[in-house]
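Undergrad: Prediction below, plus the sequence it came from.
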Amino acid sequence: MAETEAAMNAGTGYTMGHIALHYPEKDDGPVAARLLEIIGLRQTQVLPLADGSNFYRFVVDDRHHDRGDGIIYLSQVPPAQKALHAAIREALAVDTDAEHAAVRDMREAMKADPEYSFHVGLLTHSLEELEGLVSTLRDLAANDPALKGRLNIVINRPLPGDAEVDARLDASPVFGGVTRHAYGRNGVQVFIETDLLVSGPLGDNMVLEIDYVFPNAASHILSVVDLG
Ligand SMILES: [Fe+2]
């Protein structure tokens, strides 16, 4: 994993630069930032803004601390966007008896497939660390005063077929009981749905995805889409 700075800068293509995420209310800022740190992102800056909210900069790992790539910015959803979400929710009578059927259909689609709408995917290089993270998040989602009720974890195993991979996951306290499957082989997907981040047509929540792919596989969930 030890690419040098020169190697990372080589080539004529792009690297993934940055993603801008938003949290809904001022008070959600520190909690959303804490969630990103728990996931393993490195916080490099907290900038208090005049409106009382915080602007945060994170990087996916320490190598990106001073670089222009591997960055995730986090700030409060801007006022005009917030107003638009409110208008959409009012027009579609969201969370009322008169809710538009499209809202229900979208929510059902998201429930069936967390990747149905915009989401952000991160890749971890340790299955053991991912297992530990899932246990931590489940504990926090159940017991932490600030995170309780704000996280929903959904997990996909790979399509079965590789005996070694299947045995490793069968024996896992986290992945052993999972019956959902990814669109591919030799990898797992952990989805963290949270209302601490604003996204989607209603601006109500978003999904962070953390993946692991088994090494040395000819193909895996992120290299080839396989509908089984
Ligand atoms: Fe995805």
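TA: Yes, it's here.
Undergrad: Would you mind listing the buried residues in the longest helix along the chain?
TA: For the chain, the helix that runs over the most residues, judged by DSSP state H, is helix 127-143. Residues of helix 127-143 classed as buried under the neighbour-count rule (16 or more other CB atoms under 10 Å) are 127, 130-131, 133-134, 137, 140-141. From N, CA and C alone the C-beta is placed, and that goes for glycine too.
Undergrad: How about stretch 173-187?
TA: Buried residues in stretch 173-187, counted by 16+ other CB under 10 Å: 174-175, 178, 181-187.
Undergrad: any chance of these in a markdown table, with pLDDT too?
TA: Shown next, in a markdown table, are these (pLDDT from 0 to 100):
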| residue | pLDDT |
| --- | --- |
| Val174 | 97 |
| Phe175 | 97 |
| Val178 | 97 |
| His181 | 95 |
| Ala182 | 94 |
| Tyr183 | 90 |
| Gly184 | 90 |
| Arg185 | 91 |
| Asn186 | 93 |
| Gly187 | 95 |
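Undergrad: May I see those organised as CSV, with secondary structure and distance to the ion added?
TA: What follows is the buried residues of stretch 173-187, written out as CSV (DSSP: H, G, I helix; E, B strand; the rest coil; distance: CB to the ion, whole Å):
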residue, secondary structure, distance to the ion
Val174, coil, 19
Phe175, coil, 17
Val178, coil, 16
His181, strand, 14
Ala182, coil, 9
Tyr183, coil, 9
Gly184, coil, 11
Arg185, coil, 15
Asn186, coil, 16
Gly187, strand, 11
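Undergrad: where does Asn216 land on pLDDT?
TA: Asn216 carries a pLDDT score of 83 in this model.
Undergrad: likewise Ala7?
TA: pLDDT for Ala7: 69.
Undergrad: what about Asp113, distance to Ala6?
TA: 40 Å (CB to CB, to the nearest Å).
Undergrad: higher neighbour count, these two?
TA: The neighbour count for Asp113 versus Ala6, taken as other CB atoms under 10 Å, is higher for Asp113 (15 against 7).
Undergrad: Quick check: that one vs the ion, distance?
TA: Plainly put, Asp113 is 10 Å away from the ion if you go by CB to the ion, to the nearest Å.
Undergrad: now Leu21
TA: 15 Å.
Undergrad: Shouldn't that residue be within a strand?
TA: Yes - looking at Leu21 with DSSP: H, G, I helix; E, B strand; the rest coil, it is inside a strand.
Undergrad: which parts of this structure sit against the ion?
TA: Applying CB under 5 Å from the ion, one finds that the chain approaches the ion through 115, 121, 209.
Undergrad: so where does the last one fall, helix or strand?
TA: In this assignment (DSSP states H and E), Glu209 forms part of strand 206-213.
Undergrad: what ranges of this structure fall below the confidence cut-off?
TA: 1-5, 7-8 (pLDDT under 70).
Undergrad: Can you name the residues in contact with the longest helix of the chain?
TA: 38-40, 124, 147-153, 155, 168, 172-175, 188, 190, 192, 210, 212, 214 (CB atoms under 8 Å, 6 or more residues apart in numbering).
Undergrad: which other helices and strands contact the helix or strand just after that helix?
TA: Per DSSP H and E, the first helix or strand lying C-terminal to helix 127-143 is strand 151-156. With contacts taken as 3 or more CB pairs under 8 Å, 6 or more residues apart in numbering; DSSP states H and E, strand 151-156 sits against helix 127-143, strand 187-194.
Undergrad: Noted, bye for now.
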